[in-house]
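Colleague: structure for the following, please:
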Amino acid sequence: MSLPELSATLNSIAAILLVTGYRAIRAGHEARHARLMTAALAASVLFLASYLTHHFTAPELSVKYAGPEMWRLPYLTLLLAHTPLAALVPFLAIRTVILGRRAISGDEIARPKHVRLAKITFPIWMFVSISGVLIYFILYQWTDSWQLAIGALEK
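Modeller: A predicted model of the protein is given here:
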């Protein structure tokens, strides 16, 4: 499995864990929710490690959009929304998980803070996870972007 494939897989796993964790808390299963959200954080941390490894070890393989011109603007719009939010997710997710852990440990001040922050973190984290997978498919599966990046190396 290539690093881009691994990154997309980890983003997919994070999204599934986030949805499952959300459903667990809605059903009142706090301990299960905590485990699932911690696992989602772990998947996102592994994603970040694989993404950074790919970009720092092979910067010459930077992939630029090379699909149909009519889809360039929607792709760039998606990328423009994804990028700054992706930079926020580690900080939001870590803080949200820490507050959740404190709430489980009995810190009643942490609980409302956790709930408030989770209402912000969850949709952003979901968007970043799903849009990351979409960006992978656009660049590596649905267009010639990856093949053109490889071809440029061979010249």
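Colleague: what are the ranges of the helices in this structure?
Modeller: Using DSSP state H, the helices of the chain run over 3-26, 30-57, 72-104, 110-136, 145-154.
Colleague: remind me which residues of the protein are low pLDDT?
Modeller: Residues of the chain that meet the criterion pLDDT under 70 lie in 59-61, 152-155.
Colleague: distance of the closest residue to R95 other than its chain neighbours relative to L99?
Modeller: Spatially, and ignoring its direct neighbours in sequence, R95 is nearest to L117 (6.3 Å; CB to CB, 6 or more residues apart in numbering). Yep, even glycine has a C-beta here, placed from its N, CA and C like the rest. Separation of L117 from L99 (CB to CB, to the nearest Å) stands at 6 Å.
Colleague: which one's more surrounded, those two?
Modeller: L99 (22 against 18; other CB atoms under 10 Å).
Colleague: list the contacts for the residue nearest to the spatial centre of the chain?
Modeller: Nearest to the mean C-alpha position of the chain, by CA atoms, centre = their mean, lies S129 at 3.2 Å. Going by CB atoms under 8 Å, 6 or more residues apart in numbering, S129 touches 11-12, 14-15, 18, 44.
Colleague: from R95, how far off is it?
Modeller: 17 Å.
Colleague: burial measure for T96, as a count.
Modeller: T96: 23 neighbours (other CB under 10 Å).
Colleague: does it really touch T121, like I thought?
Modeller: Yes: using CB atoms under 8 Å, T96 makes contact with T121 at a distance of 4.5 Å.
Colleague: distance to Y65 added to the helices of the chain, as CSV?
Modeller: Output for these, formatted as CSV (distance: least, CB to CB, whole Å):
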stretch, distance to Y65
helix 3-26, 14
helix 30-57, 16
helix 72-104, 5
helix 110-136, 9
helix 145-154, 6
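Colleague: which one of those lies closest to A66?
Modeller: helix 145-154 (4.2 Å; CB to CB).
Colleague: now the angle from the closest one to helix 72-104?
Modeller: With axes from the mean of the first three to the mean of the last three CA atoms, to 10 degrees applied, the angle from helix 145-154 to helix 72-104 works out at 110 degrees.
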